[in-house]
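J.: got a sequence here, can you model it:
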Amino acid sequence: MIKKSTAKKILKEAGAYRISDDALDEFLDVINKYSYSLAQKAVKLAHHANRKTLRKEDIELAIA
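T.: Numbering: from 1, shown residues only. Down below sits the predicted model:
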């Protein structure tokens, strides 16, 4: 799970000057759901390759 301070930093670095609490909460919700989904896909790819170790390639394929 990503911390609020980290999410706020990402939004600020993207150019946001001010961020409402609702916007920050929504951003966190979307990022956390996406991250979890990506992790599940990557783990599934590693298992399919008969590996217990998650590799960079698994993440790259999960994104594609």
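
J.: tell me which stretches of this protein form helices.
T.: All helices of the chain, identified by DSSP state H, fall at 4-13, 21-48, 56-63.

J.: for Met1, which non-adjacent residue is spatially closest?
T.: Nearest non-adjacent residue to Met1, counting by CB to CB, 6 or more residues apart in numbering: Asn32, 5.8 Å away. Every C-beta, even on glycine, is put in place using the N, C-alpha and C of the backbone.

J.: ok, back up a step: I'd like the helices of the chain as JSON lines, with mean neighbour count and mean pLDDT appended.
T.: Output for the helices of the chain, formatted as JSON lines (neighbours: other CB atoms under 10 Å; pLDDT from 0 to 100):
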{"stretch": "helix 4-13", "mean neighbour count": "13", "mean pLDDT": "96"}
{"stretch": "helix 21-48", "mean neighbour count": "13", "mean pLDDT": "97"}
{"stretch": "helix 56-63", "mean neighbour count": "14", "mean pLDDT": "97"}
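
J.: was I right about Phe27 contacting Lys9?
T.: No: Phe27 lies out of contact with Lys9 (CB atoms under 8 Å); the separation is 11.4 Å.

J.: contact partners of stretch 18-33?
T.: Stretch 18-33 has contacts (CB atoms under 8 Å, 6 or more residues apart in numbering) with 1-2, 4, 7-8, 10-12.

J.: if you set the cut-off to 6 Å instead, what comes out?
T.: 1-2, 7, 11 (CB atoms under 6 Å, 6 or more residues apart in numbering).

J.: got the CA coordinates for stretch 37-51 in PDB?
T.: The C-alpha coordinates for stretch 37-51 follow below in PDB (Å, rounded to 0.1, in the frame of the first residue of the first chain):
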ATOM      1  CA  SER A  37      -3.600  -6.200 -10.200                       C
ATOM      2  CA  LEU A  38      -0.200  -5.900 -11.800                       C
ATOM      3  CA  ALA A  39       1.400  -7.900  -9.000                       C
ATOM      4  CA  GLN A  40      -1.200 -10.700  -9.400                       C
ATOM      5  CA  LYS A  41      -0.500 -10.900 -13.200                       C
ATOM      6  CA  ALA A  42       3.200 -10.900 -12.700                       C
ATOM      7  CA  VAL A  43       3.000 -13.700 -10.100                       C
ATOM      8  CA  LYS A  44       0.800 -15.700 -12.400                       C
ATOM      9  CA  LEU A  45       3.400 -15.400 -15.100                       C
ATOM     10  CA  ALA A  46       6.200 -16.600 -12.800                       C
ATOM     11  CA  HIS A  47       4.100 -19.600 -11.700                       C
ATOM     12  CA  HIS A  48       3.300 -20.400 -15.300                       C
ATOM     13  CA  ALA A  49       7.100 -20.500 -16.000                       C
ATOM     14  CA  ASN A  50       7.400 -22.900 -13.000                       C
ATOM     15  CA  ARG A  51       9.300 -20.300 -10.900                       C
END
